[in-house]
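> my questions concern the predicted model and sequence given below.
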Amino acid sequence: MEVVQKLLQDPDYLYYLSLTKNYESGRRYCCHNFSHLLDVARIAWILCLERQIKLSRPVVYAAALLHDIGRFAQHEDESIDHAAESASLAEPLLTRHGFSAAETKLILQAILVHRQTPETVTDLLGAVLAEADDLSRLCYNCSAQAGCYKAKRMPTLNGIQY
Ligand SMILES: [Fe+2]
Ligand SMILES: [Fe+2]
């Protein structure tokens, strides 16, 4: 997958991930590392295939691989919304790696809404991204479940998973 290779060779992308990694070493709640981003990409693409949603694979993967790149900023300052930060950091990366203006707009919009509950998201790519993000978390097997503000609404709490 070309977009995966391009991002993994992009120094800015790797830098943002490294900043988040530093904040999340020893974190008991979910992390926002490359493994999570790739999980979300794969699940989002499965949802598109199952539902015959006509989105291109590079667009779905780009949205997923970029959706949490600004997470470090929220670790620095809790008042920062990492969805907005991720969208802001993603824009030049998308342009640099050949996404069209229309694709970039679609991806940025999806990143902006990815923290909302999937049912409330009207944007097609955003809804897929938000759902895949939730499905990627293995809450049923998580020792931090009791203290997690998100666990109760997560679809994977009862063992439902992809
Ligand atoms: Fe996120
Ligand atoms: Fe995420």
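Okay, I see it. Ligands and ions are numbered 1, 2, ... in the order given.
> what about Thr156, distance to Glu91?
Counting by CB to CB, to the nearest Å, the gap between Thr156 and Glu91 amounts to 31 Å. Heads up, the C-betas are built off the backbone N, CA and C, glycines and all.
> give me the below-cutoff pLDDT ranges for this protein.
For the chain, residues meeting the criterion pLDDT under 70 lie at 158-162.
> centre-most residue in it?
Ranked by distance to the mean C-alpha position of the chain (CA atoms, centre = their mean), the top residue is His67 at 3.6 Å.
> now do the contacts for that residue.
Listed by CB atoms under 8 Å, 6 or more residues apart in numbering, the contact partners of His67 are Leu37, Val40, Ala83, Ser86, Ala110, Ile111, His114, Leu129, Asp133.
> so the last one touches Gln116, yeah?
Just to be clear, that refers to Asp133. No: in this structure, Asp133 sits apart from Gln116 without contact. The criterion is CB atoms under 8 Å, and the distance is 10.1 Å.
> those two: which is more packed in?
With other CB atoms under 10 Å as the criterion, Asp133 and Gln116 differ in neighbour count, and Asp133 comes out ahead with 23 against 15.
> tell me the secondary structure at the more buried one.
The three-state label given to Asp133 by DSSP: H, G, I helix; E, B strand; the rest coil is helix.
> also Ala41?
Here Ala41 is helix, with the state taken from three-state DSSP.
> excluding chain neighbours, what is closest to it?
Ala64 (3.5 Å; CB to CB, 6 or more residues apart in numbering).
> over to Cys31?
Glu24 (4.6 Å).
> ok, Ile53 to ligand 2 distance?
Noted for Ile53: a distance of 19 Å to ligand 2, by CB to the ion, to the nearest Å.
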